[in-house]
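[1] give me a model of this one.
(2 chains)
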Amino acid sequence: MKKEKLIQYIYGIADNALMLGQRLSELCGHGPNLETDIACTNIALDLLGQTRSYYQYAAQLTGENVTEDDIAFLRTERQYKNVLLVEQPNNHFGYVITRQFLYDVFHLLLLQELQNSADLTLSAIAKKAIKEVSYHQRFSSDWIKRLGNGTEVSRQKVQEAVNDLWKFTDELFQLTEDDKSVIELGAGVDVSLLKEKYYQIVNDVLEEATLSVPELKWFRKGGKDGIHSEHMGYLLSDLQYMQRTYPNMKW
Amino acid sequence: MTIELEQHIDPKLYSILEKVSDPEIPVLSIMDMGVVRSAQMVNDVAEITITPTYSGCPAMDVIGDDIVKAFMQENIKAKVSLVLSPAWTTDWITPRGRKALEEYGIAAPLEEEADKEALLGNKKIVKCPQCQSTNTKMISQFGSTACKALFQCDDCLEPFDYFKCLK
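    Numbers count the residues shown, from 1 in each chain, chains lettered A, B, ... in the order given. As a prediction, the model looks like this:
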């Protein structure tokens, strides 16, 4: 039972990296310019690399000849535990950057705690990933400031993205039942404790970008329980296409 | 996943490992890169563990295959596995490796604090590998691979890669 909870916990973290990595990969060859195209796909590569480490560990825990590919490509929509934020589409560059920024800040705070996990594998993955995610956060924060302080259009677009994506931020700090059991074991991170620091960092960057912080009372959630937004089906059909069409392909 | 805290290299295997280079930076051997964590002969099989520079580094699979190939040429069977901890740092690049990077046209990583200053654009300290000028600017935080940033020299105008500090 404990093992099953740990596996679900790992999915919760890894699925976020997979979905965000998939969204960023969609920009490959479609970025607004060469440098940002390369940056976004490099970040995608980091995220997919981290995902692999988590899934390999989950596969090892599962046993029964389950592979990382099975976990990545052969689950059904409700079996993915990523938050709604990371599955939101690449509406425009300002949207991509805002989604990235809102996740990066959380991601780094999460990893900084996860590196102290009693689970040595999770701790090792976190220590590795921290170094990469620090660069991601620097990149996305930098762009939030550039777009916010940029032209009238860039400012308007990034403000709209912030307003639109804000409703997905509260879910980051929700705890599932599996989370709670893994936290009790000393292996998981109590994300609810990261909330205050998160909004403080995010608000500071938004202020520097001369953007306003939305005042929302209502937030969307569900992803952590497998109840996703309407975008998830399309994302998965793209993600799983190869493995479903040509079964047993290796990553 | 096993966790190796120190580097254990059998000196007899060193020369074979040294022939394997990083596929992205062919002038740099994997030993100078610091990615080999251990190399031991166990029951006539060379057991090698390597650590990735970045989690998603696609070069790791190629490096693994290249190690097996290099040992095969010496009629030794090799088994390569990946370890994540302790995480790789640019400090593990040897002085010879840093020199090879510079000669290849990639600026070697600065110390952590200096790196931050350079990447934030606060100070002009990254040295152009072509003309040695520090009158350089960052074009993009991510260059041709995740481990590099793209810079340009304002004196000789050449663009170049800077190997980012990873600690």
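[2] in chain B, which spans are helices?
    Listed in chain order, the helices of chain B (DSSP state H) span B:11-18, B:30-33, B:59-72, B:95-104, B:112-119.
[3] looking at these, which is buried most?
    Highest mean neighbour count of those: helix B:30-33, a mean of 22 (counted as mean count of other C-beta atoms under 10 Å in any protein chain shown). Quick note: C-beta positions are derived from backbone N, CA and C, even for glycine.
[4] ok, back up a step: how about the helices of chain B, which one is nearest chain A?
    Among those, helix B:112-119 comes nearest to chain A, with 7.1 Å by C-beta to the nearest C-beta.
[5] and the contacts of stretch A:197-214?
    A:101-102, A:105-106, A:109, A:141, A:144-145, A:147-149, A:155, A:158-159, A:162-163, A:166, A:169, A:172-173 (C-beta atoms under 8 Å, 6 or more residues apart in numbering or on different chains).
[6] now could you export just the CA positions of that stretch as PDB?
    Written as PDB, here are the backbone C-alpha positions of stretch A:197-214 (Å, rounded to 0.1, in the frame of the first residue of the first chain):
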ATOM      1  CA  LYS A 197       6.600  32.200  -0.300                       C
ATOM      2  CA  TYR A 198       5.300  31.400  -3.800                       C
ATOM      3  CA  TYR A 199       2.900  34.300  -4.100                       C
ATOM      4  CA  GLN A 200       5.600  36.600  -2.500                       C
ATOM      5  CA  ILE A 201       8.100  35.700  -5.300                       C
ATOM      6  CA  VAL A 202       5.500  35.800  -8.000                       C
ATOM      7  CA  ASN A 203       4.100  39.100  -6.900                       C
ATOM      8  CA  ASP A 204       7.600  40.700  -6.700                       C
ATOM      9  CA  VAL A 205       8.400  39.800 -10.300                       C
ATOM     10  CA  LEU A 206       5.000  41.000 -11.500                       C
ATOM     11  CA  GLU A 207       5.500  44.200  -9.700                       C
ATOM     12  CA  GLU A 208       8.900  44.700 -11.300                       C
ATOM     13  CA  ALA A 209       7.200  43.900 -14.600                       C
ATOM     14  CA  THR A 210       4.600  46.700 -13.900                       C
ATOM     15  CA  LEU A 211       1.900  44.100 -14.100                       C
ATOM     16  CA  SER A 212      -1.000  43.900 -11.700                       C
ATOM     17  CA  VAL A 213      -1.700  40.900  -9.500                       C
ATOM     18  CA  PRO A 214      -5.200  39.500 -10.100                       C
END
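[7] ok now that stretch, how far from the chain's centre?
    19 Å (C-alpha atoms, centre = their mean, to the nearest Å).
[8] for that stretch, buried residues please.
    Residues A:198-199, A:201-202, A:205-206, A:209, A:211 are the ones in stretch A:197-214 that count as buried (16 or more other C-beta atoms under 10 Å in any protein chain shown).
[9] and of the helices of chain B, who's closest to residue A:78?
    Of all these, helix B:59-72 sits nearest to residue A:78, with 32.2 Å by C-beta to C-beta.
[10] in helices, which of the buried residues of stretch A:197-214 fall?
    A:198-199, A:201-202, A:205-206.
[11] could I get those as a markdown table with pLDDT?
    Putting those into a markdown table (pLDDT from 0 to 100) gives the following:
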| residue | pLDDT |
| --- | --- |
| A:198 | 98 |
| A:199 | 98 |
| A:201 | 98 |
| A:202 | 98 |
| A:205 | 98 |
| A:206 | 98 |
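[12] good, we can wrap up now.
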